[in-house]
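Asks: generate a structure from the sequence data that follows.
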Amino acid sequence: MGMSANYHSDIYEPQLLEACDYQDFVCVELGKRGIILQNMTGKKMQLNCENLLGLEIKLDRKLEETGNVYMECFEKSNPQNQEYVSSGLLRKDDCWLYGIGNYSEFHLFSKRTLRFLYGYIVSSHAGFEGMRLIENGTQTSKGFLMSKDRRNYYCERVFLFDPAQTQLNF
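Replies: Numbering: from 1, shown residues only. Predicted coordinates:
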């Protein structure tokens, strides 16, 4: 079995399922706070926007461990691919909000603010406010890390969740 088949089945698919579960969790939690998200489930609509509000939802599994959030700017579907494509905060779609977090906290950003920060990061050789463009460990994503003090400064709102309620109860 080639590396691409292993990457897709061993890494990509499990992460996609985990991300979908997290998106459902955020939708339920925000719904409790009066913010109703109607998710788009078809592939064509998903490429344009994840939900009718225009909020892209990202799970950061290392947030608790590192204290940083990873803002994805570029991705490739397989580490063997040569070229990255714009994604996350740089993807051209109808999303105007970018939310990232874990089952304890969720940070809501304006994509305009994040794109502004990205511009400063790439134009500065040393990075901007300690942020610089990096590649992830699987070589499928490029983005920048944002520390807790920076994300709390730049985000529009922080939602805190009860970590004891990580299961969806229907």
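Asks: need the pLDDT of Ala5.
Replies: At Ala5, the pLDDT value in this model is 55.
Asks: what does stretch 77-86 contact?
Replies: 3-4, 7-8, 12, 73-76, 92, 138-140, 142 (CB atoms under 8 Å, 6 or more residues apart in numbering). Just so you know, the C-beta spots here come from the backbone N, C-alpha and C atoms, and that holds for glycine as well.
Asks: what subset of those residues is buried?
Replies: Listed as buried from the contacts of stretch 77-86 are 7, 12, 73-76, 140, 142; burial here means 16 or more other CB atoms under 10 Å.
Asks: taking these one by one, which sit in strands?
Replies: 73-75, 142 (DSSP state E).
Asks: re earlier: redo the buried ones among the contacts of stretch 77-86 as CSV? Include distance to His107.
Replies: Below are the buried ones among the contacts of stretch 77-86 laid out as CSV (distance: CB to CB, whole Å):
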residue, distance to His107
Tyr7, 29
Tyr12, 25
Cys73, 17
Phe74, 21
Glu75, 20
Lys76, 25
Thr140, 23
Lys142, 20
